[in-house]
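K.L.:
Test case, fold it:
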Amino acid sequence: MLSFRNIVLLLLFITVVAPILLFTDRLSTFNSPATKQEFIEDVTAFSLSATDSEHLNLLPQETSTTLKEPVGVYTEDSTSTKNLPRDLGLRESREHASARVLSATTEEDQARRGNPIKQVTDGIKQGNQGGNIVEKGDSTNENVSGVDAIDVDDNDGKLNKSAQVSDQETQIKATKQEQPATETSSNVKKKEPILSNKKNNQMPSDARVQRLKDQLIRAKVYLSIPAVKANRRLSQELHLRVKEVSRTIGDASKDSELPRNANERMKKMEQSLMKGKQIQDCAVFVKKFRAMLHSTEEQLRAHKKQALLLTQLAAKTLPKGLHCLPLHLTTEYYYSNSSQKQFPNQEKLEDPQLYHYAIFSDNLLATTVVVNSVTANAKDASKHVLHIVTDRLNYAAMRMWFLVNPPGKATIQVQNIEEFTWLNSSYSPVLMQLSSPAMIDYYFKAHRATSDSNLKYRNPKYLSILNHLRFYLPEIFPKLNKVLFLDDDIVVQKDLTGLWSVDLKGNVNGAVETCGEIFHRFDRYLNFSNPLIANNFDPRACGWAYGMNIFDLVEWKRQNITEVYHNWQNLNHDRTLWKLGTLPPGLITFWKRTFPLNRSWHTLGLGYNPKVNQKDINRAAVIHYNGNLKPWLEISIPRFRSYWAKYVNYDHVYLRECNINP
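P.N.:
Predicted coordinates:
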């Protein structure tokens, strides 16, 4: 009986107590770090292989859709995987993967890791810089949003480029499928310094805005693909994402202007785009983008043409304040006492020993700046004489302004072009041409303005004889030996008396050459398809600048320059040698009669080029606002406006009454 009892107890111990003890021992063993690490590696290996297969499109569609994202693991894991260089095939060793999973489960380490979206964009940019081809979706996106895709005019080149990119992506995708499933840990370690550099690079201020816009483009392209349209669920999801991202961007131009939920919506959109990417038709996708490129180019051309037309209109329009000012001054002039209408020092007007300037303008405020800048920088203003010629409408206002605001010790003269009785149609071919019905028709036929390839020549200033007075200097100043011609859109920054002592070596015109830029050669202004031009001039000859020119009137008369000018004007009666303006006939008239001045005398481009070198501006004796962006217009370049504005007294009563502000 006792032996039977012992046998029963022994069996009870084996079947009940022994398993409990063994299970307890197994639990204590699992708590050791080594065993726990093995368990995590096994889980990680499974999750990582599924993740990599989804990114590389190696899993069948049904497999990739059944695998779910491990919470707190897949998101960070996929983000860092995208950050890897493309040649690694987005794979890592089990050792590195397990370490990353452990850190991903810790909230503190997730905070240190930073913005995952930023890591993704950094990785894509670094991959592009390194010469690697990014994934198909990202590559096509950049072809649409990049600056080069808009600015280049070669349509065929763009289409070929898109096709080449598509072919390269197809080849790379095939190459990825043939790559081994994993990379060695040594290869991953070699690439780690690159990853750290990517994270340290500063993001552009509008990187997220641009990425959101790119996502919108991609989403709209996906929505136009039949395969996506057929998938109702995906189509509705993309429509929703488009609305969300559109509201997120709004009018934002910088990342700082985006709402707080921008990153979240960017991430959701990217996930939706990944779904569309899995079912896209590559041929249809490329075709859609080609159509978008063509449409964008057409829109760009139309916008550029419209912008040019509006800029020309703004340049030709007289601001309200500048129209008000001469009206006030004209009224004051005719109400003033006749004894107050005479300028002092009139005996200096014909003294050839003094420094004489010629300014031909109907712009009162611009002329004021030229006069003020000349006298302010002159070492001895009493030796400077400024001759102003204007039209009948502005004559009284111009005289009244300088009677009330005399230019210090300098001498000034204001003349009316109507008083030049010798300047008539029988003497001046250009005056006869400017008054012809054909010329008036050329300017005022509005339907032609949009089709003309060179709208700048439609500026009405070319109809004014004031613009052509520069070819009649000896007739205007018969007793002078040298005259410095100044445009009304210049500012003098230094004393100019040194120009009168420059030896022109028998030439008539002293000017600064402008052949540093290719469009300032003779072939830019003259029609070399005409034998008269081709047989007499060099198309690659260097042009020079009107706006600050020292003219030797003695040589002018001796070489009969005015007659040369008249001959060429008669030959150009039908505008086949050049269109309009004064520079083309100037290049012809003073061909081989122009002495090149030092470039420090005259710096151009402040009316069209915002990138004029600051050193050139600082050293220049004269700065020239040639172009449409005149300093008295609102469309002027802000960077250069102060050089002009400092010579305007905006506190003057007339300027305040006309609301002329800096």
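K.L.:
Just the CA atoms of stretch 609-628, as CSV, please.
P.N.:
Output of stretch 609-628 as CSV, limited to C-alpha atoms (Å, rounded to 0.1, in the frame of the first residue of the first chain):
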residue,chain,number,x,y,z
ASN,A,609,19.5,94.5,-64.2
PRO,A,610,19.2,94.0,-60.4
LYS,A,611,22.6,92.2,-60.4
VAL,A,612,24.8,95.2,-61.3
ASN,A,613,28.0,94.8,-59.5
GLN,A,614,28.1,96.9,-56.3
LYS,A,615,31.8,97.8,-56.9
ASP,A,616,31.0,99.1,-60.3
ILE,A,617,28.3,101.3,-58.9
ASN,A,618,30.6,102.7,-56.1
ARG,A,619,33.4,103.6,-58.4
ALA,A,620,31.3,105.0,-61.2
ALA,A,621,31.2,108.8,-61.8
VAL,A,622,27.8,108.4,-63.5
ILE,A,623,25.2,105.6,-62.9
HIS,A,624,22.6,105.1,-65.6
TYR,A,625,19.0,103.8,-65.1
ASN,A,626,18.7,102.7,-68.8
GLY,A,627,15.8,100.3,-69.3
ASN,A,628,12.2,100.4,-68.3
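K.L.:
Can you point out the buried residues in it?
P.N.:
612, 617, 620-628 (16 or more other CB atoms under 10 Å). (Glycine included, C-beta is placed from N, CA and C.)
K.L.:
Of the residues you listed, which pair is most distant in space?
P.N.:
Pairwise distances across the buried residues of stretch 609-628 peak at 24.0 Å for 621 and 628 (criterion: CB to CB).
K.L.:
I'd guess residue 396 is in a strand, am I close?
P.N.:
No. Secondary structure of residue 396 (DSSP: H, G, I helix; E, B strand; the rest coil): helix, not part of a strand.
K.L.:
mind listing what it touches?
P.N.:
By CB atoms under 8 Å, 6 or more residues apart in numbering, residue 396 lies in contact with 329-330, 333-334.
K.L.:
with the buried residues of stretch 609-628 in mind, which one is nearest to residue 653?
P.N.:
Nearest member of those to residue 653, counting by CB to CB, is residue 625, at 26.5 Å.
K.L.:
still on that earlier bit, okay, and which of the buried residues of stretch 609-628 map to helices?
P.N.:
Assigned to helices by DSSP state H, the following of those qualify: residue 617.
K.L.:
Now tabulate the buried residues of stretch 609-628 in JSON lines and tack on distance to residue 364 and pLDDT.
P.N.:
Output for the buried residues of stretch 609-628, formatted as JSON lines (distance: CB to CB, whole Å; pLDDT from 0 to 100):
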{"residue": "612", "distance to residue 364": "26", "pLDDT": "93"}
{"residue": "617", "distance to residue 364": "25", "pLDDT": "96"}
{"residue": "620", "distance to residue 364": "25", "pLDDT": "96"}
{"residue": "621", "distance to residue 364": "24", "pLDDT": "97"}
{"residue": "622", "distance to residue 364": "20", "pLDDT": "97"}
{"residue": "623", "distance to residue 364": "20", "pLDDT": "97"}
{"residue": "624", "distance to residue 364": "19", "pLDDT": "96"}
{"residue": "625", "distance to residue 364": "16", "pLDDT": "95"}
{"residue": "626", "distance to residue 364": "20", "pLDDT": "91"}
{"residue": "627", "distance to residue 364": "21", "pLDDT": "87"}
{"residue": "628", "distance to residue 364": "20", "pLDDT": "87"}
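K.L.:
Identify each buried residue in stretch 642-654, please.
P.N.:
Those would be 643-645, 647-648, 652, 654, for stretch 642-654 by 16+ other CB under 10 Å.
K.L.:
measure the residue nearest to residue 400 when sequence neighbours are not counted to residue 361 for me?
P.N.:
Nearest non-adjacent residue to residue 400, counting by CB to CB, 6 or more residues apart in numbering: residue 333, 3.9 Å away. Per CB to CB, to the nearest Å, residue 333 is found 18 Å from residue 361.
K.L.:
Among the two, which residue is more densely surrounded?
P.N.:
The neighbour count for residue 333 versus residue 361, taken as other CB atoms under 10 Å, is higher for residue 361 (23 against 20).
K.L.:
Please name the spatially closest residue to that one (chain neighbours excluded).
P.N.:
residue 488 is the one closest to residue 361 (CB to CB, 6+ apart), at 3.7 Å.
K.L.:
Now do the contacts for that neighbour.
P.N.:
Contacts of residue 488 by CB under 8 Å, 6+ apart are 359-361, 363, 366-367, 370.
K.L.:
Would you mind listing the buried residues in the helix or strand residue 312 falls within?
P.N.:
Residue 312 is part of helix 282-316 when elements are defined by DSSP states H and E. By neighbour count on 16+ other CB under 10 Å, the buried set for helix 282-316 is 285-286, 288-290, 292-293, 297, 311-312, 315.
K.L.:
just curious, which of the residues you listed is nearest to residue 414?
P.N.:
The closest of those, once distances to residue 414 are taken by CB to CB, is residue 315, at 25.6 Å.
K.L.:
Relative to residue 347, how far out is the closest one?
P.N.:
Residue 315 is 40 Å from residue 347, by CB to CB.
K.L.:
What of residue 272?
P.N.:
As judged by CB to CB, residue 272 and residue 347 stand 86 Å apart.
K.L.:
quick one, which of these two is more surrounded?
P.N.:
Between residue 272 and residue 347, counted using other CB under 10 Å, the more crowded position is residue 272 (21 against 8).
K.L.:
who touches the more buried one in this structure?
P.N.:
219, 234, 237-238, 241.
K.L.:
Over the strand or helix carrying it, what's the mean pLDDT, rounded is fine.
P.N.:
Assigned by DSSP H and E, residue 272 belongs to helix 262-278. The pLDDT scores in helix 262-278 average 86.
K.L.:
quick check: angle from that helix to helix 282-316?
P.N.:
130 degrees (axes from the mean of the first three to the mean of the last three CA atoms, to 10 degrees).
K.L.:
Now do the phi/psi pair for residue 510.
P.N.:
The phi and psi values for residue 510, taken as degrees, to the nearest 10, are phi -110, psi 120.
K.L.:
right, and it touches residue 549 too?
P.N.:
Yes. Under the criterion of CB atoms under 8 Å, residue 510 makes contact with residue 549 at 6.4 Å.
K.L.:
Look at the two and report which has more neighbours.
P.N.:
Set residue 510 next to residue 549 and count neighbours by other CB under 10 Å: residue 549 wins out with 26 against 23.
K.L.:
Touching the helix or strand containing the more buried one from outside, list them.
P.N.:
Per DSSP H and E: residue 549 is located in strand 548-552. Strand 548-552 is contacted from outside by 470, 473, 481-487, 490, 499-500, 502, 504, 507-512, 597, 601-602, 621-622, 624, using CB under 8 Å, 6+ apart.
K.L.:
now the residues you listed: which count as buried?
P.N.:
470, 473, 482-487, 490, 499, 504, 507-512, 597, 601-602, 621-622, 624.
K.L.:
Which members of those are positioned in strands?
P.N.:
Taking DSSP state E as the definition of strands, the buried ones among the contacts of strand 548-552 contribute 482-486, 490, 509-511, 602, 622, 624.
K.L.:
ok, and the residue nearest to residue 657 when sequence neighbours are not counted, which helix or strand is that part of?
P.N.:
Closest residue in space to residue 657, ignoring its immediate chain neighbours: residue 328 at 6.2 Å, by CB to CB, 6+ apart. Per DSSP H and E, residue 328 falls inside helix 320-335.
K.L.:
Please name the residues that touch residue 604.
P.N.:
Residue 604 touches 512, 514, 545, 547, 624, 626, counting by CB under 8 Å, 6+ apart.
K.L.:
For it, which non-adjacent residue is spatially closest?
P.N.:
residue 624 (4.5 Å).
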